[in-house]
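*Asks:* Here is the input, now give the coordinates:
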Amino acid sequence: MFRRRKSDPLGRQMVLAIAAGRVAVGVGTLFATRPALGVLGFGETDPSGLALAKLAGGRDLALGTVTLALGDDPAALRTAALAGAMLDGADALTFVLATGAPETRRAGLNGVLFGGAAALAGLWAWGRLAP
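*Replies:* Predicted coordinates for the structure are as follows:
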């Protein structure tokens with residue numbers, strides 16, 4: 001009567017690709033903070049900004065690594081995909097706010113574009129993974 005839906009391999013691949021990108025961004029932001037901030041569109045920052053960037057980098061590194069480790073557990077991978085999509089959505093919203101200041105407008109626009117795309121891709125993948 002009830003048919004169990006099978007997980008879509010493409011959804012799994014998307015989640016793992018986003019996780020690998022998250023690890024790369026996390027490593028860069030945590031260990032090469034100033035160059036990473038430059039690539040993201042930020043200008044010079046003070047020690048407080050560097051500390052916050054390192055916190056975000058550590059978060060991305062941890063979430064990406066855990067998600068990659070869950071690659072063979074469909075239920076856990078689905079949960080990690082949703083958590084990642086929610087964080088990416090929150091990041092995109094934060095970057096929307098950054099577009100209001102001239103000195104962070106470029107970084108804000110980049111962040112909205114990439115954070116929003118990652119959030120949408122993560123939600124798409126989450127929906128394709130079997131519950």
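*Asks:* Is the residue sitting nearest the centre point of the chain within a helix or a strand, and which one?
*Replies:* Of all residues in the chain, the one closest to the mean position by C-alpha atoms, centre = their mean is residue 88, 4.7 Å from it. Assessed by DSSP states H and E, residue 88 sits inside helix 74-98.
*Asks:* Specify the next element, helix or strand, located C-terminal of that helix.
*Replies:* helix 105-128.
*Asks:* Tell me which other helices or strands that following helix touches.
*Replies:* Using 3 or more C-beta pairs under 8 Å, 6 or more residues apart in numbering; DSSP states H and E as the contact definition, the elements that helix 105-128 packs against are helix 9-31, helix 33-40, helix 74-98. The way it works is simple: take the backbone N, C-alpha and C, and place the C-beta from them, glycine included.
*Asks:* Pull out the buried residues from it.
*Replies:* Under the neighbour-count criterion of 16 or more other C-beta atoms under 10 Å, helix 105-128 has 107-108, 110-112, 114-116, 118-119, 121-123, 125-126, 128 buried.
*Asks:* do the same with stretch 58-78
*Replies:* Buried-residue list, stretch 58-78, by 16+ other C-beta under 10 Å: 59, 60, 61, 63, 64, 65, 67, 68, 70, 74, 77, 78.
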